[in-house]
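>>> I need the structure of the sequence given here:
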Amino acid sequence: MSSAKQDFQTAVDKGPSRDEREDAIDSLAASGACDKLAILVQMGGLDGALRRRALNSMANAGCGDLLRTLAADGGLGEPLQSDAESLLDE
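Numbering: from 1, shown residues only. Next up, the predicted model:
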């Protein structure tokens with residue numbers, strides 16, 4: 001089993017396959033690594049689909065407080081910003 005640090009590195013590294021990167025994000029969510037998921041969501045250089053997966057994972061991993069902070073700050077840019085707000089409304 002990999003650590004949150006390893007999963008984070010896999011998610012941001014362009015070398016692993018898309019599936020491996022998505023699995024790493026899922027592992028971060030399963031381990032409750034809300035802070036690392038939040039960093040992924042805010043990373044401008046990360047593929048939009050991976051950022052969205054991290055955002056959705058935050059909603060499912062019990063990261064509500066941090067998700068609220070991200071949505072309130074308004075720094076995600078569209079459409080992630082509206083996605084974050086929608087997740088809070090669910």
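>>> For stretch 13-27, what is the distance to the chain centroid?
What separates the centre of stretch 13-27 from the centre of its chain is 12 Å, taken as Cα atoms, centre = their mean, to the nearest Å.
>>> tell me the contacts of the residue positioned nearest the centre of the chain?
The residue lying closest to the centre of the chain (Cα atoms, centre = their mean) is Ala54, at 2.1 Å. Taking Cβ atoms under 8 Å, 6 or more residues apart in numbering, we find Ala54 in contact with 11, 25, 28, 37-38, 40-41. Where you see a C-beta, it was placed from the backbone N, CA and C, and this is true even at glycine.
>>> Make TSV from those and add pLDDT, secondary structure and neighbour count to it.
Below are the contacts of Ala54 laid out as TSV (pLDDT from 0 to 100; DSSP: H, G, I helix; E, B strand; the rest coil; neighbours: other Cβ atoms under 10 Å):
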residue	pLDDT	secondary structure	neighbour count
Ala11	98	helix	26
Ile25	98	helix	24
Leu28	97	helix	26
Leu37	97	helix	29
Ala38	94	helix	18
Leu40	96	helix	23
Val41	95	helix	25
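>>> Tell me which residues of the helix or strand containing Ser86 come out buried.
Using DSSP states H and E, Ser86 falls within helix 80-89. Buried residues in helix 80-89, counting neighbours by 16 or more other Cβ atoms under 10 Å, are found at 80-81, 83-85, 87.
>>> And the contacts of Ala54, which is closest to Ala4?
Among the contacts of Ala54, Leu28 lies closest to Ala4 (Cβ to Cβ), at 6.0 Å.
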